[in-house]
Structures are given as structure tokens and as C-alpha cells.
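Visitor: this is a predicted model, with the sequence first.
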Amino acid sequence: MNADLIADRERRAGAFAALGEPARLAIVERLALSDALPSQLAHDLGIGSNLLAHHLKVLESAGLIQRQRSEGDRRRTYVQLVSEGLPVVAGTSLAAPQRVLFVCTANTARSQLAALLWAAMSDLPVASAGTHPADAVDAGAVAAARRHRLRLAKTTRPQHLDEVLRSGDLVVTVCDRAYEELASPAALHWSVPDPVPLGTVSAFEGVLRDLDSRVHGLAERLSEAS
């Protein structure tokens, strides 16, 4: 038998074994749309910190979750799914919003790219904004959008969240700093590393892959809800 097939089957068997415990399945379903701090998981799911640590270790060993150090408060670590290692799970229910609003700090890269990806696959209105918008969209984001034929208008400029936010928006933060400073927490949070400091093609491509996977998952969930 093909060695790769055997390895993949063993990986999937390990994933299903890890998800055979109801609490671990609940953790994965909680993370299906939004990254979370361990303290948030403990609160939302009613799991003690020691038991939660055990469940997270099992899920991490099975390749289902990973931890992402916050780019804002370095004392925080977000738990997120490893999408390519995950069997199909139900996830959490989510009502269809009037619009999706992607938010990061400067509104120069991640939130702009997320909005472009969303517009390319969904008819649901979308916008992006920043908590501390810069003067212009980052050149690396512009180049990444062009490589993937995403339509970024020449007149697009970063905008402040207060100028853009409106009732009925589903707010999705794609930046740890933005999430941690909002007075009213975003509905969903994706802990996506900022590609701007590195400025490399590979950094932007990695962010695009991450956002594309998450955007697809959210679009499918909202399509089911509408």
C-alpha cells in the first residue's frame, strides 16, 4: 500500500480519536469560525483550566490545533484550528448578517485582502477598516491582490472603524492588536500574522492562504444560515 496513503489514514484516525471525547469536539466546534484564548474557551465551554490544558494538548498532538502568540499583548496566546488537519465538524451556528466587516489596526493589508477575497466569493456586502488607519494600502498588499486577480480599486484608502461600522455588521478582526483594543469585542477573531514588517512575497502569500481558507469557511457557514 502507498506509504503516503497509510500516513494520511493514520493521521485522520488520530484526529477522529482525539475528537471522540465530547469536550474536545466542543473545543474544535468553538474554534471553527473564531480563534480564542484558553481563558475564553474555559469560560464559554465551562471547562476547568487543568482539564482544558489536557484537552488542548491532545488536540495539538493530533495536529488539529496550534497556538499563535499575540502580536499585540505578547502575554496572550490564541488557539486556532489547523484547517488542513481537520475532519469535517459541525461548528457553531451563526445568523446571517447584513454585512461582513474585516478589521485590523492600519487597514493596509490583512483586512483589505480579506475583504477582497470575500467579495470574490460571496454576494453578501463586505467592508474593511482599521482602528488606527494608515495613509495608504501597503504596496505588498497591492502586489498580492494583483497576483491573485483581486480587484483593489486605485482609490481604495484605509478607513477608521468609526467611519465604517454600522448596525448589522458582523465584525471579524484579523489582527490581534485590533481585537485586544476594541471596547466591544469582535464577533469573530482570526489571529493572522502581519505580513507588512517582513514585506516578502512569501509572507503575503502565507497570509492570503490563511485568509482564503477562513473566508471560505465563513462564507459557507453564512450561506447555510441565510
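Guide: Received it, and whenever you're ready, just let me know what you need. Note that the coordinates shown come from a computational prediction; the quantities given were computed from them, not determined experimentally. Residues are numbered from 1 along each chain as shown.

Visitor: tell me what the top helix by length along the chain is packed against?
Guide: The residue-count maximum for a helix in the chain (DSSP state H) belongs to helix 201-225. Here helix 201-225 touches helix 110-121, helix 139-147, going by 3 or more CB pairs under 8 Å, 6 or more residues apart in numbering; DSSP states H and E. To be clear about C-beta, it is placed using only N, CA and C from the backbone, and glycine gets the same treatment.

Visitor: can you redo those helices as TSV with mean pLDDT, distance to L33 and mean neighbour count?
Guide: What follows is the helices and strands packed on helix 201-225, written out as TSV (pLDDT from 0 to 100; distance: least, CB to CB, whole Å; neighbours: other CB atoms under 10 Å):
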stretch	mean pLDDT	distance to L33	mean neighbour count
helix 110-121	97	14	24
helix 139-147	96	24	17
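
Visitor: to R24, which of these lies closest?
Guide: helix 110-121 (28.6 Å; CB to CB).

Visitor: shaky segments in this protein?
Guide: Residue ranges of the chain with pLDDT under 70: 1, 4-5, 8, 84-93, 225-226.

Visitor: tell me where it has helices.
Guide: 3-18, 22-30, 38-45, 49-61, 110-121, 139-147, 161-164, 176-181, 201-225.

Visitor: what sits against the nearest residue to G199 once chain neighbours are set aside?
Guide: Computed as CB to CB, 6 or more residues apart in numbering, the closest residue to G199 that is not its neighbour in sequence is G140, at 5.3 Å. Residues near G140 by CB atoms under 8 Å, 6 or more residues apart in numbering: A109, P195, V196, G199, T200, V201, A203, F204.

Visitor: neighbour-wise, which of those residues leads?
Guide: A109 (30 neighbours; other CB atoms under 10 Å).

Visitor: tell me the centre residue of the protein?
Guide: In the chain, the centroid-proximal residue (CA atoms, centre = their mean) is W190; its distance is 2.9 Å.

Visitor: got phi/psi on that one?
Guide: phi -120, psi 120 (degrees, to the nearest 10).

Visitor: just the one 5 residues further on next, same as before
Guide: The main-chain torsion angles of P195 are listed as degrees, to the nearest 10 and equal phi -80, psi -10.

Visitor: so it sits against D210, correct?
Guide: No - checked against CB atoms under 8 Å, the pair P195 and D210 is beyond contact range at 10.0 Å.

Visitor: which one is the residue nearest to the centre of the chain nearest to, not counting chain neighbours?
Guide: V174 (4.9 Å).

Visitor: can you pull the contacts of the one you found?
Guide: V174 touches F102, V103, C104, R110, S111, A114, W190, V192, L211, counting by CB under 8 Å, 6+ apart.

Visitor: how close does it sit to H54?
Guide: The gap separating V174 from H54 is 30 Å, by CB to CB, to the nearest Å.

Visitor: please apply the same query to N2.
Guide: Taking CB to CB, one finds N2 at 35 Å from H54.

Visitor: neighbour count winner among the two?
Guide: Set N2 next to H54 and count neighbours by other CB under 10 Å: H54 wins out with 15 against 7.

Visitor: for the nearest residue to L31 once chain neighbours are set aside, which residues make a bridge with it?
Guide: The spatial neighbour of L31 that comes closest, neighbours along the chain excluded (CB to CB, 6+ apart), is L81 at 4.9 Å. Taking DSSP bridges, one obtains I65 as the residues bridged to L81.
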